Structure formats: structure tokens, C-alpha cells
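*Asks:* Got a predicted structure here, sequence first:
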Amino acid sequence: MGVLMDADAVVEVRGLRMTYGARTVLDGVDLRLDRGEVVALLGPNGAGKTTTIEVLEGFRQPTAGEVVVLGEDPSRAGDAWRAKVGVVLQSWRDHARWPVGQLLEQFAALYRPFAVAGGQGPYGVDELLELVGLADRRRALVRSLSGGQRRRLDVAIGLVGRPELLFLDEPTTGFDPVARHEFHELIHALSDFDDTTVLLTTHDLAEAEKIAGRILILDEGRIVANGSAAELARAMAHSSEVTWREDGVRHVHSAAEPEAFVRELLTRREVEVTELQVRAQTLEATYLAMVARHETAATAAASASDRRPTNEEAR
Ligand SMILES: Nc1ncnc2c1ncn2[C@@H]1O[C@H](COP(=O)(O)OP(=O)(O)OP(=O)(O)O)[C@@H](O)[C@H]1O
């Protein structure tokens, strides 16, 4: 059993460190996921997102820190634990000669012994193919799928055991807009109706904003931001822009709290307000500002510690 205390947490991590040789990739990561949450882990290339997810999946042994996932240490957990966790890795290129439906049947069979009494057990193949939009490719060989279809199959393989916790590493790479939209609906349905907890990495900030209730930004081995897209925008003091017409005259106002401003505008004014629009700060602008701010601070700290004291200062 895990050493951490909170029974409500699906994932709880404290002080996670990971080094590859002399290189420190994760340097004190703390995070927590509660049941039914969809959380996006963002960060620049090489920030350590995949490494974090691989530690949570039990594929990598951390250098230091406490990691509890579904009540267990993932690096020691057994098959019954593994059956509750779904994983979609960044690239998965096996099983080229298998027909899609047969491959999913095989995976479903692996999960069947772990189905709990009264639970639904693994997905039926037809239902799963329908869910991921591959119903018409049941008999196709895996190698004949397009890149986006291949990725949908990866998602199906991650889902087949009806996991309590789903890790998705850049799941929508190569998806066309329709597939992407369907995938977002699928994630909403999983968290709303099945209480599935989802942790995904993505470089698509619009996607993170759309599907994740909470966003974590990892940079230089640490979580530098944690909150909803709106909370992160507020933390950066980013304003939304409200525009409207009053007696035919166009007005523009920057508001840190646009809901309150619009409420005031609509209730207190006696004149007619038309063409009211609120342009919210995008997560992309917030993200770019946050990463830039963090990196500037890190560079300043590094150059301060490199700077040798002058003779004058040393005295
Ligand atoms: N097995 C390994 N051995 C040595 N270094 C590694 C290993 N795996 C990853 N790294 C390094 O660790 C750092 C973090 O990699 P990771 O794949 O976790 O980042 P990421 O945030 O997922 O990046 P991306 O957005 O590019 O997918 C990178 O600098 C990478 O080169």
C-alpha cells in the first residue's frame, strides 16, 4: 500500500525527482488528481511530461519522491492495478498484421479476468470501435490504417479495459478536425458518466482549454502553474476585452473580471446595449507569458549564482 494519506486522491505525487545520468529532468514535482478530473499537462519540448507520465504508469522508477496511484506504488503494483489503468503512449507501432477487431478482442480478453463483480468489465469490440470512430475498419489490417486512424486505435487500446485512470500522451496527433472533436466529446463522456480520471499531455493549447478542467504547466523540471485556464489567465493579470455598442457608439473595455463587468453593464445602464462581445484571454497567450516569465527568472537566477563576487563585494 501507498504511504500517502489522502483516500480521495487518484494520483498523489510529492517531491518527484528524476535524473538521467547527470541530467535532472524532474526536480521536485508535486501533483494530485482527484476522481473524475481531466487534467492537461503542458510544457515545452523536453520539459519532462512523458517522463512524469511514465513514472505514474510504473514504466520508470523515480530517482526520489513519493508516488501513489490508485492507492499503490506504480513501480511495484501488480496486474490487478494495471488493469485499472489505461495508457496511450506517444508512439506505438506493433501488431501491423492484425485485423483491428481481432486485436481489440485480444486486449479485451487480457482484462476479462480482472473484471470486478457487478462491474461492466472490458468494452465489447463493436461498442469500442463505435466510440473511437473506427466501426467501418473492424476487419482492416492495422498496417492499412491512416496515421489518424492508427491513433484512434491507440486510444481504443488504452480504453479497452474501461480504466479508472487514463493516461494519454499527445493523443490527438494526426487527428483531423472531426476526429479531434469526437475525441473531445469522448473524454467529456468518460469523465462525466464513468468518473474516469484523465491525465493527458498535449501541445494543442485550444484542446487543453476545451477538455481539461485543470491545467498543469511543467517547465525546467517543476510544476510552474496549476489551475483552470481562467485562473491561470487571472494569475498573469491578463484581461479580457469587452466590446459593445451604446446608442450606436462602439465601446471597448479591458476587464480582469469580465463576468462582473458585463453584469454591471447590463443591469445599471439605462441605454440599450447591443453587439456585446467578450473576447477572453486565450490559454495560448497565458501559456507563452508564463513559460517566458519562468525562463527569464531561471536565467536570472543561474547568472546570479554564476557571478563571482568582485573584490569590492567580497569585503
Ligand atoms: N531514457 C532516457 N535517457 C536519457 N534522457 C532521457 C530519456 N528519456 C528522456 N530523456 C530526456 O529527458 C528530458 C525530458 O524528456 P520527456 O520526453 O519527458 O519530455 P517531454 O516534456 O515529454 O517532451 P516532448 O514535448 O518533446 O514530448 C529530455 O531532455 C529527454 O531528452
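*Replies:* Everything's here; your move. Numbering: from 1, shown residues only.
*Asks:* mind listing the helices for this structure?
*Replies:* 49-57, 79-82, 100-111, 125-131, 147-159, 177-193, 205-211, 229-235, 258-268, 283-306, 311-314 (DSSP state H).
*Asks:* Give me the contact list for the first one.
*Replies:* Taking contacts as CB atoms under 8 Å, 6 or more residues apart in numbering, the residues outside helix 49-57 that touch it are 11, 13, 16, 18, 25-26, 29, 31, 41-43, 60-62, 67, 69, 74, 85, 87, 90, 167, 169, 199, 201, 218. Yep, even glycine has a C-beta here, placed from its N, CA and C like the rest.
*Asks:* Could you confirm whether any residue of it contacts the ligand?
*Replies:* Yes - judged by CB under 6 Å from any ligand atom, helix 49-57 and the ligand are in contact via 49-51.
*Asks:* which one of those residues has the most neighbours?
*Replies:* K49 (26 neighbours; other CB atoms under 10 Å).
*Asks:* Contact partners for the residue nearest to it when sequence neighbours are not counted?
*Replies:* Counting by CB to CB, 6 or more residues apart in numbering, K49 lies nearest to T201, which is 4.4 Å off, once chain neighbours are set aside. Contact analysis of T201 by CB under 8 Å, 6+ apart lists 40-42, 49-50, 53, 168-170.
*Asks:* One more pass at 6 Å, please.
*Replies:* Going by CB atoms under 6 Å, 6 or more residues apart in numbering, T201 touches 41, 49, 169-170.
*Asks:* Output the residues you listed in TSV, with distance to E257 and pLDDT appended to each entry.
*Replies:* Listed next are the contacts of T201 as TSV, based on distance: CB to CB, whole Å; pLDDT from 0 to 100:
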residue	distance to E257	pLDDT
L41	28	96
K49	32	94
D169	36	91
E170	34	90
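*Asks:* Pick out the residue nearest the middle of this protein.
*Replies:* A40 (2.0 Å; CA atoms, centre = their mean).
*Asks:* Return the most buried member of the helices of the chain.
*Replies:* helix 49-57 (a mean of 23; mean count of other CB atoms under 10 Å).
*Asks:* what about that helix, distance to the chain center?
*Replies:* For helix 49-57, the separation from the chain centroid amounts to 12 Å (computed by CA atoms, centre = their mean, to the nearest Å).
*Asks:* Please apply the same query to stretch 58-77.
*Replies:* Here stretch 58-77 shows a centroid-to-chain-centroid distance of 19 Å under the convention CA atoms, centre = their mean.
*Asks:* now do stretch 11-31
*Replies:* 18 Å.
*Asks:* next one: stretch 162-174
*Replies:* Taking CA atoms, centre = their mean, one finds the center of stretch 162-174 at 9 Å from the center of the full chain.
*Asks:* That one close to the ligand?
*Replies:* No - Stretch 162-174 does not reach the ligand (CB under 6 Å from any ligand atom); its nearest approach is 6.8 Å.
*Asks:* How about stretch 202-219?
*Replies:* No - Stretch 202-219 does not reach the ligand (CB under 6 Å from any ligand atom); its nearest approach is 6.5 Å.
*Asks:* Can you tell me what sits against that stretch?
*Replies:* Stretch 202-219 has contacts (CB under 6 Å, 6+ apart) with 37-43, 47-49, 170, 184, 187, 223-226, 229, 283-284, 287, 290-291, 294.
*Asks:* mean confidence score for that stretch?
*Replies:* Averaging pLDDT along stretch 202-219 gives 92.
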